[in-house]
Every structure is written in structure tokens, then in C-alpha cells.
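1. how does the following fold in three dimensions:
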Amino acid sequence: MRIKYIEGTRGLAVLIVLFEHLMLAFYPVLFPYINDIPISLDDLATQPLLIKVFVFTPLFVFHNGSFAVMIFLIISGYVVSYNCFNKKDENYITASFFKRYFRLTIPILFSCVISYFLLKVGGFANVNASWLSHSPSLSQGYACDANFFDMIKFVLYDEYLGTTKEELLCYGPILWMMYALLQGSFLVYTFYALFARASSRLRIFIYIALIIIFSKSLLLAVILGMILCDMDVNNVFQNVNKIILLIMLLSGICLGSLIRFDFPFYTILDIDFMKNYFGGWLLFFYHIIGAFLLFFALSRLSFSIKVFSSKVAVYIGKISFSIYILHMIVICSLSSYIFVWLKNDINASNELSFIVTSVMTIVVTILLSHIFHHYIELKSINWSQSLYNFVSRQK
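-> Sure thing, here's the model as predicted:
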């Protein structure tokens, strides 16, 4: 039940990311992040009531992709740690170091090859769609003179160890957090290789040190996932009062809905000493803490475990990685063509164009992700294992 619940939570997170990018692309007023859509509070105040409800209230959590990414990373830290705790094979961690890279890279390579092909044949329409939706960010992706060897270099190396914004926007705008998935996994493997048999007191000191060292990094979310797994494996904080859990859940939702510090209520989080320490990272730090509180509460509330263990939630969770790496390709190609057609040829309203485009995008993305998951993502696991076995035999 617990593993199913985690899969379902991952499914929720990827849908939040998808919702954010749909709104940012085709109805940007719903995502007034100051760096993407610099809309003033006065302008937002003139919007219809429904838009203000989605923007100014905790409902924003349902399309705050940054927060959802932090949930992804916490789940990654949790699941990788869980496997390390439960695998008795001495070679598991060594093998995992090797296989994790290929497990992530092979599906990403296929997605970037698709992007490269579409770039070469002029298959993206996001620039034209951005003029109609008034979304500056939509025009930035996949607008470059793609080079095959640069794309390969980006996939194999740069995305994990250091890339430029131009490369990300060219080959995979959504891949900005992949370095944290890979480096975070390596951090977990290293931790358990060194401290798996250490005392609880020593592990606590190591955790505190890691939190301090990586407090301004996405790796903080992975570390918090490790800590949650350690608590669960050792039955720590398993019987928390339900009221406390609900408070943590609501706190996590509120932090997860934070998008700008000048919004009502959120001004209380704009603390000087926090700004001085975290600088521009403060927003992401709050999202990480919110994701931690949310995941902690959901993992201990029976109703949430039941909801996220449902067949639909688990299914979306299973194909979540495929959805994540494919959905921006769909949005900037097929979805953008649909949006342009609706606006120019059908003369549809902004609202109708957004709704129709979003529904079509979700359906097509899930169908493509189902196929990609079965024929690429699952096979990448087998290919990684076969490659590891081959390399091991050569030693």
C-alpha cells in the first residue's frame, strides 16, 4: 500500500507540472510568476473573480510546477533510500551507481532526439502561439539552430554537470532538474555505502551537516526524502496526532502555493534575514519545506494513502517520468498548432482556446507517455542491467 501511495503521489506531482505549463503557455495570467509574467497586483485585481481565486489562494498549489518538482525530488530521495535499506545484495549500491545514469539518460536521449527532429523539420509552433497567448516564456523553448552533436553532448554530460540556459531551452526546457535526480541518487548511494550500519545518532549528525551544506540546492529535497525514509524504516513518528498532521498538510499547501512575496498573506514570509541568506533561492527553499510537510502528512493520513493508491493515481505515477520529459514537446508542437488554429481560423475566445488545447494536450501526452513508458522507459531499465552485466563480466 505504501509503495502504491508513493507512485500515486508522483502522479499528482507530474500533473501539477503539466497544468502549470499549460497555463503558462496558453493562459499566462493564471501564472503571474514575476520572472515569467510580470503582471502587477493592480492588473491582477482587475481580473475575473475565478482567476483571482486560483492565483491568490492556496488553490495555486494545483498548478505550481516548482513545488511539484520538489515533491518529485523528495520522492526520489525516499525511494532510492528505501531500496538501499531493503536490498541485501552487497553489490546493489555499486550496480545502482552505474545503472542510474543510463536509467535516466536513455529515455532523455530519445526525447531529445524527438525534439531535434521536430526542430529540423519545423515542427514547433510555440513562437507563433506565444504571440496569440501573450506568453513570453512559450516562445523561448525549442527556438534554436539545433546541432546533433551538441544535443548528444547535452544529453550525456551537460544536463547533469553544467549546462547553459540556451542549451536547456534548445533541447529540453523541462530537464533543468535532472542534475538533482542523478546527483541526488549518487548522494544517497554514497551515504548508505558509508553509513548504512552507523548508529542513529551519527546518522542524525550527518543529516544535519548535509542539510546545512545543501540548503541552497535542489539536493536539499533529496536529503529530506532520505530522512523521511529513515524515519519510516525505523518506525519514527509513525503515530502522529491527526490534528498535527492536518496542520502540517495545510502548511505544506500554503507554502506550495507561494509564487510571489508581494501577494496578500505571503508578505509575512518575506523575512529580511532569510532573504539575506537565501537570496533568490528563498522561494525554492519554501517550496522544498512545503513539499516535505505535505509528503510527511500524506504518508501518515489514511484517507490520502487510500486516494493515492487508486488504480488511476498509480497508473499516472508509473508513467510520470515519461509524461515529464514529453509534455513540453507536445505543448510546443501539436498543442501550439491547435491553439493557433483555434485563435486564427475558428476565432475562438482565449478561454475556449485554452480549455480545448489543454484537454487535447493532456489526452495526447498521456497516450504518448503510455507508449514511451512501455517501449523506451521500461526497456531502458533492462538495457541498463544488461550493460552493467556486460561491464561486470569484463572485469
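2. tell me which element the closest residue in space to S369 that isn't next to it in sequence falls in.
-> Nearest residue to S369, sequence neighbours excluded (Cβ to Cβ, 6 or more residues apart in numbering): S322, at 3.8 Å. Heads up, the C-betas are built off the backbone N, CA and C, glycines and all. Using DSSP states H and E, S322 sits in helix 320-330.
3. can you name the next helix or strand after that helix?
-> Helix 320-330 is succeeded, C-terminally, by helix 336-344 (DSSP H and E).
4. what angle do that next one and helix 320-330 make?
-> Compare the direction of helix 336-344 with that of helix 320-330 by axes from the mean of the first three to the mean of the last three Cα atoms, to 10 degrees and you get 50 degrees.
5. distance from the chain centre to helix 336-344, please.
-> Distance of helix 336-344 from the chain centroid (Cα atoms, centre = their mean, to the nearest Å) equals 27 Å.
6. that helix: what's the following helix or strand?
-> With secondary structure assigned by DSSP H and E, helix 336-344 is succeeded by helix 350-372.
7. what about the residue lying closest to P264 once chain neighbours are set aside, how many residues nearby?
-> Leaving out its chain neighbours, the residue that sits closest to P264 by Cβ to Cβ, 6+ apart is F56, at 6.4 Å. The tally of other residues near F56 (other Cβ atoms under 10 Å) stands at 20.
8. quick one: what helix or strand has the residue nearest the centre of the chain in it?
-> Centroid-nearest residue in the chain, with Cα atoms, centre = their mean: V69, separated by 2.7 Å. If you go by DSSP H and E, V69 is part of helix 65-86.
9. next helix or strand past that helix?
-> Heading C-terminal from helix 65-86, the first helix or strand you meet, by DSSP H and E, is helix 92-121.
10. for the nearest residue to S217 once chain neighbours are set aside, give me the pLDDT.
-> For S217, ignoring the flanking residues on the chain, the nearest one in space by Cβ to Cβ, 6+ apart is A180 at 7.6 Å. Note for A180: predicted pLDDT of 94.
11. between the helix or strand containing A180 and helix 320-330, what angle do the directions make?
-> Using DSSP H and E, A180 sits in helix 178-195. On the basis of the same axes, to 10 degrees, helix 178-195 is oriented at 160 degrees to helix 320-330.
12. identify the residues contacting L41.
-> Counting by Cβ atoms under 8 Å, 6 or more residues apart in numbering, L41 makes contact with D262, F263.
13. kindly provide the distance from E7 to S309.
-> 8 Å (Cβ to Cβ, to the nearest Å).
14. what's the answer for S322, then?
-> From S322 across to S309, the span is 21 Å (Cβ to Cβ).
15. who has more neighbours, the two?
-> S322 (25 against 19).
16. quick one: that one and F372 touch, right?
-> Yes: between S322 and F372 there is a contact at 4.3 Å, judged by Cβ atoms under 8 Å.
17. helix or strand with the lowest mean pLDDT in this structure?
-> Lowest by mean pLDDT, DSSP states H and E among the helices and strands of the chain is helix 41-45, with a mean of 74.
18. list the buried residues in the host helix or strand of M274.
-> Using DSSP H and E, M274 maps to helix 272-278. Using 16 or more other Cβ atoms under 10 Å as the test for burial, helix 272-278 gives F278.
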